[in-house]
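K.L.:
here you go, sequence then predicted model.
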Amino acid sequence: MKQAKNSETMPNRQSKDTDIIFKKIISDVKKENRYLRKQVREVKESRDAWKSKYFDLKNSKNTSNITKAKHHQFPIIWV
């Protein structure tokens, strides 16, 4: 009888151990996913900021933002 009880309790103990292991793995995966989602969000924000800045410079009608070199790029100084 005692052997029968031991054999019955062993699978329960193993299943509890595996449940604990799986819960730990799942929590680690969730943490990693949160971290990755945060990184993706930061990269997207950076990309959007760069795109809007580039688009503004490219399509700017204000000539003070875009400077073009005329004749000499640097002033000529006579000594």
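P.N.:
Received the coordinates, thanks. These numbers were taken from a predicted model, which means no experiment stands behind them.

K.L.:
in this structure, which spans are helices?
P.N.:
With DSSP state H as the criterion, the chain has helices at 2-58.

K.L.:
any weak-confidence spans in the chain?
P.N.:
Scanning the chain for pLDDT under 70 picks out 1-11, 60-79.

K.L.:
burial of Asp56, as a residue count?
P.N.:
When neighbours are counted by other Cβ atoms under 10 Å, Asp56 registers 11. For glycine as for every other residue, the C-beta is placed from the backbone atoms N, C-alpha and C.

K.L.:
how near is it to Trp50?
P.N.:
Noted for Asp56: a distance of 11 Å to Trp50, by Cβ to Cβ, to the nearest Å.

K.L.:
go on, Asp19?
P.N.:
Distance from Asp19 to Trp50, counting by Cβ to Cβ: 47 Å.

K.L.:
likewise for Lys16?
P.N.:
52 Å.

K.L.:
what do you get for Asp28?
P.N.:
Applying Cβ to Cβ, the value for Asp28 to Trp50 is 33 Å.

K.L.:
now do Ser27
P.N.:
Taking Cβ to Cβ as the measure, Ser27 falls 35 Å from Trp50.

K.L.:
now do Val29
P.N.:
Distance of Val29 to Trp50, computed by Cβ to Cβ: 31 Å.

K.L.:
check Arg34 too.
P.N.:
Distance of Arg34 to Trp50, given as Cβ to Cβ: 25 Å.
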